[in-house]
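>>> curious how this folds, go ahead:
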Amino acid sequence: MTASSLVRACTAGVIACALGAPVAGGQLITRVTGPVIGYVWDARQHQLRPLQGVLGSATIGDPVDLGIEINDALELGPSRLLLTSSGPAPLLAVDLSTNPPSVEQVVGASSAPALAASSPSGSAAALYDQPANTIAIVTGLPDAPRVAHRVDVLQVNAPVTTMAVSDDGGTLVYAVSGGQLTSLFSWSAASGLRAVVDTSAVSAIALAGKALVVANPRDNEVFLVPDLAGSPRQRMLAGPGQGISRPVGLAASGARIHVANGGSSNVTTFELTGRQVSTRRCNCQVSGLSRVGESLYRLTDRLDRTVFLFDARLAESRILFVPPVG
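Have a look, this model is predicted:
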């Protein structure tokens, strides 16, 4: 599934022209120069900005002018994003690491999803269309996006609050909140839709291979469903005694699980066996774990204040900061 050649050519041309000016040989000189760690979305200003430099000595660059009005952005990887726009191509998969940028229109999914989630590597995304009560699973990101599956949401009177999707788009998990109870459902191409477990609250979920990890902010705990495709039995991974305090974000990185705790402003890391690996304190108000790059996550959501990053690329994780805009 691709966009029409006319829309695709016009959209790519607008973005390419906005990013740079043509020079000899048909190449483009972009406004973003030097090393770029990744791109961050400023939801308050509706701006996309690069993190320029290297980790430990990075700054927030000027807004990237794509020549379109961006309504929202979902980070897929260091320079890959899914953008919603008010223009003629309302849903775009963009790779800013190429020159000119790679631009593909995504057809068949909501251009104004109420909720979006990317897979661990960013090759797939789940887009929740609340009016239609469906979740579209987009695969092939960012170069060849297509709506591979469309899943009907159960419990139509309760909204989907969080989602997780596998890299191949073949597994989806979502949480539906209904008063004092939150229900988790899983869908796979092989087994279809089924109920997984009910719990008091869910703030974040993550897929780690065959396992599902769930953060419960009401009970200050993180639990594991070891075999999502098989038995829905659950096992406690960590609780208040291991530093879990109002968890607001989860990320799976290999055999490790990172938990962002809004109550204690720290990030705790566990192995899937339950062994606690580390606790990293952040001098900030932790709002979640938003991917910036591979095993690199943003802990805070405002760019007019110091931006804090959690770097889990090495065995010894660390927390770094980037000065605010201006």
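
>>> how about Val138, nearest residue that isn't a chain neighbour?
Ala125 (4.8 Å; Cβ to Cβ, 6 or more residues apart in numbering). Bear in mind the C-beta positions are built from the backbone N, C-alpha and C, glycine included.

>>> any idea how far that neighbour is from Ala252?
According to Cβ to Cβ, to the nearest Å, Ala125 and Ala252 sit 16 Å apart.

>>> of those two, which one has the most company?
Neighbours were counted for Ala125 and for Ala252 using other Cβ atoms under 10 Å; Ala125 has more, 26 against 19.

>>> hmm, the more buried one is touching Ser118, no?
Yes: between Ala125 and Ser118 there is a contact under Cβ atoms under 8 Å: 4.8 Å.

>>> common neighbours of these two, please.
In terms of Cβ atoms under 8 Å, 6 or more residues apart in numbering, Ala125 and Ser118 are both contacted by the residues Leu74, Leu76, Leu82, Leu141, Val165.

>>> dump the residues you listed to a markdown table, plus secondary structure and distance to Ser110.
Converted to a markdown table, these look like this (DSSP: H, G, I helix; E, B strand; the rest coil; distance: Cβ to Cβ, whole Å):
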| residue | secondary structure | distance to Ser110 |
| --- | --- | --- |
| Leu74 | strand | 13 |
| Leu76 | coil | 17 |
| Leu82 | strand | 12 |
| Leu141 | coil | 16 |
| Val165 | strand | 15 |
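
>>> what's the span of stretch 266-278 from first residue to last?
10 Å (Cα to Cα, to the nearest Å).

>>> which parts of that stretch are buried?
The neighbour-count check on stretch 266-278 (16 or more other Cβ atoms under 10 Å) flags Asn266, Val267, Thr268, Thr269, Phe270, Leu272, Val277, Ser278 as buried.

>>> repeat that for stretch 140-160.
By neighbour count with 16+ other Cβ under 10 Å, stretch 140-160 contains the buried residues 140-142, 145-149, 151, 153, 158-160.

>>> can I get that stretch as PDB, trimmed to CA atoms?
Extracted in PDB, the C-alpha atoms of stretch 140-160 (Å, rounded to 0.1, in the frame of the first residue of the first chain):
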ATOM      1  CA  GLY A 140       7.000  -1.700   7.400                       C
ATOM      2  CA  LEU A 141       8.000   1.600   9.100                       C
ATOM      3  CA  PRO A 142       9.400   3.900   7.900                       C
ATOM      4  CA  ASP A 143      10.100   3.000   4.300                       C
ATOM      5  CA  ALA A 144       7.200   0.800   3.300                       C
ATOM      6  CA  PRO A 145       4.300   1.500   5.700                       C
ATOM      7  CA  ARG A 146       1.000  -0.400   5.400                       C
ATOM      8  CA  VAL A 147      -2.000  -1.200   7.600                       C
ATOM      9  CA  ALA A 148      -1.400  -4.900   8.100                       C
ATOM     10  CA  HIS A 149      -4.100  -5.500  10.700                       C
ATOM     11  CA  ARG A 150      -7.200  -3.800  12.100                       C
ATOM     12  CA  VAL A 151      -8.400  -4.900  15.500                       C
ATOM     13  CA  ASP A 152     -11.800  -4.300  17.000                       C
ATOM     14  CA  VAL A 153     -11.700  -3.100  20.600                       C
ATOM     15  CA  LEU A 154     -13.800  -4.800  23.200                       C
ATOM     16  CA  GLN A 155     -15.600  -2.900  25.900                       C
ATOM     17  CA  VAL A 156     -16.800   0.000  23.600                       C
ATOM     18  CA  ASN A 157     -17.800   2.200  26.600                       C
ATOM     19  CA  ALA A 158     -14.300   2.400  28.000                       C
ATOM     20  CA  PRO A 159     -11.300   4.000  26.300                       C
ATOM     21  CA  VAL A 160      -8.000   2.400  25.500                       C
END
